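> Could you work out the structure for the sequence below:
(chains A, B, C and D)
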Number of protein chains: 2
Amino acid sequence: MTLNFWIRNRSVILYGSSLAVLLFLMKWLEWRFIIIDHALELYAGALAIIFTLLGIWLAIKLTRPKTNTIIVEKEVFVKSDEFVLDDKELTRVGLSKRELEVLQLMAQGLSNHQIAEHLFVSLNTIKTHSSKVFEKLEVQRRTQAVDKAKKLCLIP
Amino acid sequence: MTLNFWIRNRSVILYGSSLAVLLFLMKWLEWRFIIIDHALELYAGALAIIFTLLGIWLAIKLTRPKTNTIIVEKEVFVKSDEFVLDDKELTRVGLSKRELEVLQLMAQGLSNHQIAEHLFVSLNTIKTHSSKVFEKLEVQRRTQAVDKAKKLCLIP
DNA sequence: TTTCCGTTCATACTTTAGGGTGATTTTGAT
DNA sequence: ATCAAAATCACCCTAAAGTATGAACGGAAA
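Residues are numbered from 1 along each chain as shown, chains lettered A, B, ... in the order given. A predicted model of the protein is given here:
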């Protein structure tokens, strides 16, 4: 409460304090140098400068910057290539690491022979893998497998 | 030129003029009421108030373009999953209506036999169509055809 | 240790896909 | 009406894909 009041009116309180201090200073200066010739002009000039600066400072402190909130609608095209593998589906269908690998290459249009070469294994191995993939995905053809795998987010 | 200078430094010039006027006013006031007891304090107080206000006005005028423009980028997500057929690509590769139809069914994992049944034509017809599709898409296998067609936005 | 699973490979066989050629009919545009 | 392209179908052949079965090996879990 008190703290909050301090924070909110800090500038005003500071200004008041400064004013008080300056007035005391003025009084002192008055006693000291008021006798000097043309001291009043100097005194007034100093006063003017000081309080102008004070006013400027106060204004800067008090005038909270107007925040013009401009909402710019930025079109963000959702990239469909931001692929995230569906781990749940993957574990559900029970595809092994190698089988998924074969499936990915399959989706890229590679033949069994090409996949075999790519993975440095024999054609028969790929046939075994692909057969297992078809079993687990419950399909008969590689095109079906690719289609289903894409729908299940197993491949991009 | 001169007008521009006036516009640019209007605030400063106005401040200077006001200061001059006030100093003359002060001088006049000095002659008039300085004799009054405790007039100095009142004079100083008035000065303080006036110049504080002047400072505030000056600050406000000078720091006018202090509007913090907060640009909030509102992201508008554009659906990219709604398929739009790329007509340009379609005409470029020169796929006929029937060929595209076959390609679509191909992408769904149907065998040539199934496609034939689906379109009420013979298996050989589908073979001819698919061969033409492969030719036009410059691929060898149906999986490649599907992959390429998807990349060319010919099928969803 | 045993058992299970993944990975590897092989053989044999069937099915499907794909290439090539040729032909007929339909359709759309000039 | 005519011509080109599209659509239809057939036959033959090869390549690729897919099925079935069996087996060896290694790692991880029971």
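> okay, CA-based contacts and neighbour counts for the rest of this
Fine.
> what are the ranges of the helices in chain A?
Assigned by DSSP state H, the helices in chain A fall at A:2-8, A:10-33, A:39-62, A:87-93, A:97-107, A:112-119, A:123-137, A:142-151.
> nearest to B:Ile50, of these?
Evaluated over these, closeness to B:Ile50 peaks at helix A:39-62, with 8.4 Å, by C-alpha to C-alpha.
> Direction-wise, compare that closest one with helix B:39-62 and give the angle.
40 degrees (axes from the mean of the first three to the mean of the last three C-alpha atoms, to 10 degrees).
> buried set for helix A:39-62?
Neighbour counts using 16 or more other C-alpha atoms under 10 Å in any protein chain shown place A:40, A:43-44, A:47-60 of helix A:39-62 among the buried residues.
> Which strands or helices does that helix pack on?
Secondary-structure packing of helix A:39-62 (3 or more C-alpha pairs under 8 Å, 6 or more residues apart in numbering or on different chains; DSSP states H and E): helix A:10-33, helix B:39-62.
> How much space separates A:Leu47 from DNA strand D?
A:Leu47 sits 84 Å away from DNA strand D, going by C-alpha to the nearest atom of the strand, to the nearest Å.
> I figured that residue hits B:Ile49, correct?
No: at 10.3 Å, A:Leu47 does not count as touching B:Ile49 under the criterion of C-alpha atoms under 8 Å.
> Pull the number of nearby residues for whichever residue of chain A sits closest to DNA strand C.
Nearest residue of chain A to DNA strand C, counting by C-alpha to the nearest atom of the strand: A:Val121, 3.1 Å away. Neighbour count for A:Val121, taken as other C-alpha atoms under 10 Å in any protein chain shown: 12.
> ok, back up a step: the helices and strands packed on helix A:39-62: lowest mean pLDDT?
Among the helices and strands packed on helix A:39-62, helix A:10-33 carries the lowest mean pLDDT, a mean of 65.
> on that earlier part again, return the most buried member of the helices of chain A.
Stretch with highest mean neighbour count among the helices of chain A: helix A:142-151 (a mean of 21; mean count of other C-alpha atoms under 10 Å in any protein chain shown).
> which residues are there in chain A that come within reach of DNA strand D?
Contact residues, chain A versus DNA strand D (C-alpha under 7 Å from any atom of the strand): A:110-113, A:124, A:127-128, A:130-131, A:134, A:140-143.
> Turn the residues you listed into JSON lines, columns for distance to chain B and pLDDT.
JSON lines is the format used below for the residues of chain A next to DNA strand D (distance: C-alpha to the nearest C-alpha, whole Å; pLDDT from 0 to 100):
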{"residue": "A:Leu110", "distance to chain B": "7", "pLDDT": "95"}
{"residue": "A:Ser111", "distance to chain B": "8", "pLDDT": "95"}
{"residue": "A:Asn112", "distance to chain B": "11", "pLDDT": "95"}
{"residue": "A:His113", "distance to chain B": "12", "pLDDT": "95"}
{"residue": "A:Asn124", "distance to chain B": "19", "pLDDT": "95"}
{"residue": "A:Lys127", "distance to chain B": "16", "pLDDT": "95"}
{"residue": "A:Thr128", "distance to chain B": "19", "pLDDT": "94"}
{"residue": "A:Ser130", "distance to chain B": "14", "pLDDT": "95"}
{"residue": "A:Ser131", "distance to chain B": "15", "pLDDT": "94"}
{"residue": "A:Phe134", "distance to chain B": "12", "pLDDT": "94"}
{"residue": "A:Gln140", "distance to chain B": "9", "pLDDT": "94"}
{"residue": "A:Arg141", "distance to chain B": "7", "pLDDT": "94"}
{"residue": "A:Arg142", "distance to chain B": "7", "pLDDT": "95"}
{"residue": "A:Thr143", "distance to chain B": "4", "pLDDT": "96"}
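> Just the CA coordinates for stretch A:99-110, please, in PDB.
Output of stretch A:99-110 as PDB, limited to C-alpha atoms (Å, rounded to 0.1, in the frame of the first residue of the first chain):
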ATOM      1  CA  GLU A  99      11.300 -51.600 -41.400                       C
ATOM      2  CA  LEU A 100      10.600 -47.900 -41.100                       C
ATOM      3  CA  GLU A 101      13.700 -47.200 -43.000                       C
ATOM      4  CA  VAL A 102      12.600 -49.400 -45.800                       C
ATOM      5  CA  LEU A 103       9.200 -47.800 -45.800                       C
ATOM      6  CA  GLN A 104      10.700 -44.300 -46.100                       C
ATOM      7  CA  LEU A 105      12.700 -45.300 -49.100                       C
ATOM      8  CA  MET A 106       9.700 -47.100 -50.500                       C
ATOM      9  CA  ALA A 107       7.700 -43.800 -50.300                       C
ATOM     10  CA  GLN A 108      10.400 -42.100 -52.300                       C
ATOM     11  CA  GLY A 109       9.600 -44.400 -55.200                       C
ATOM     12  CA  LEU A 110      12.700 -46.700 -54.900                       C
END
